[in-house]
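# Got a sequence here, can you model it:
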Amino acid sequence: MEKIYLTFLGTAGSIPTKSRNHIAMLLSYKSENILIDCGEGTQRQFKLASLSPSKISKILLTHWHGDHTLGLPGLLETLSMSEYNKNLEIYGPKGTTENLSLMNKLMKFYKQYQKYKITVKEVCSKTVLETPEYIIEALPMSHGTPSLAYSFTIKDKLRLNKEKLKKLKITSPKDMQALSKGKSIKYNNKTLSPKSLSYIEKGRKITFILDTLPNPNTLKLAMNSDLLIVESTFAEEETEIASKYKHLTASQAAQIAKKSNSKALILTHISQRYEQSTPRLLKEAKSIFKNTKIAEDLDVIQL
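Predicted coordinates:
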């Protein structure tokens, strides 16, 4: 089974702290390296994590508030100077094309060194991108500006049972290819079904829900997630403030995890006010959803 690696490059709220950089996460799966948001200082976090930004294949932007996007100009500039030669795909909510255009005007001096192509796609349907192996989906959130939450799902796979194949001495590439495609084969005058020689490897799902008020789309997108990443900007006693600024509390994040039948919850986007009291947020969330952790900068999760 191919592993998914999720690196928390930044876990702060609107203002960074000594221990938390502005928000950014890198999802790595095979040749894909997908950056979710790009707060200020993200490229330095790549250095601290011993990762190369030149391996980024896609960027998913949840919304255009500064703490989620101000790292983009420097990152794009660094890619230019690093002779990045991929087609960089940037996905985001309505307004992404215009905002990147304005950003490019400010960076016109460095644009002359840009040798790579940027493809901008504003998300207007649930399915953002689908390949034979995985699907990226998104739904709108409620944050006072066009905002999205994303999920990344590895599809179920048909896997051949190598022990059974070895026992039956089935070695023909043609036969194995047919079985892999779900087709029966003829072997020693017998018809062998793919079901008898294979098994289903269950897919995996990671969902990212950042700045938002509670809303029905959080549950729709998060349903049956193996790993759920949710902002936790405020504690429960600050629910009124959270509502005013259109954010979630730790308790509300835990409720999403519980109601969506998710397996694990990680809290991020931690306000500076809890710099010395994150156990408080964790306790609130765990009282509702036990399998909860708080992300720290440079944490790496394998799935």
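
# End to end on stretch 199-218, go ahead and measure it.
One end of stretch 199-218 sits 32 Å from the other (Cα to Cα, to the nearest Å).

# So for it, mean pLDDT?
Per-region confidence: stretch 199-218 scores 96 on mean pLDDT.

# which parts of it are buried?
Across stretch 199-218, burial judged by 16 or more other Cβ atoms under 10 Å covers 204-215, 217-218. In this view, the C-beta of every residue, glycine as well, is placed from N, C-alpha and C.

# For the chain, identify the residue most remote from the centre.
Asn189 (48.7 Å; Cα atoms, centre = their mean).

# The strand or helix carrying Ala178: how far from the chain's middle?
Secondary-structure element containing Ala178, defined by DSSP states H and E: helix 173-180. Distance, stretch centre to chain centre, for helix 173-180: 34 Å (Cα atoms, centre = their mean, to the nearest Å).

# Would you indicate which residues of it are buried?
Under 16+ other Cβ under 10 Å, the buried positions of helix 173-180 are 175-176, 178-179.

# Take the residues you listed and lay them out in a markdown table including pLDDT and distance to Ile135.
A markdown table is the format used below for those (pLDDT from 0 to 100; distance: Cβ to Cβ, whole Å):
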| residue | pLDDT | distance to Ile135 |
| --- | --- | --- |
| Asp175 | 80 | 30 |
| Met176 | 80 | 26 |
| Ala178 | 82 | 26 |
| Leu179 | 79 | 24 |
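
# Distance to Ser287 for these - can I get that in CSV?
Below are the buried residues of helix 173-180 laid out as CSV (distance: Cβ to Cβ, whole Å):
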residue, distance to Ser287
Asp175, 55
Met176, 51
Ala178, 53
Leu179, 49
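
# and Thr17, backbone torsions?
phi -130, psi -180 (degrees, to the nearest 10).
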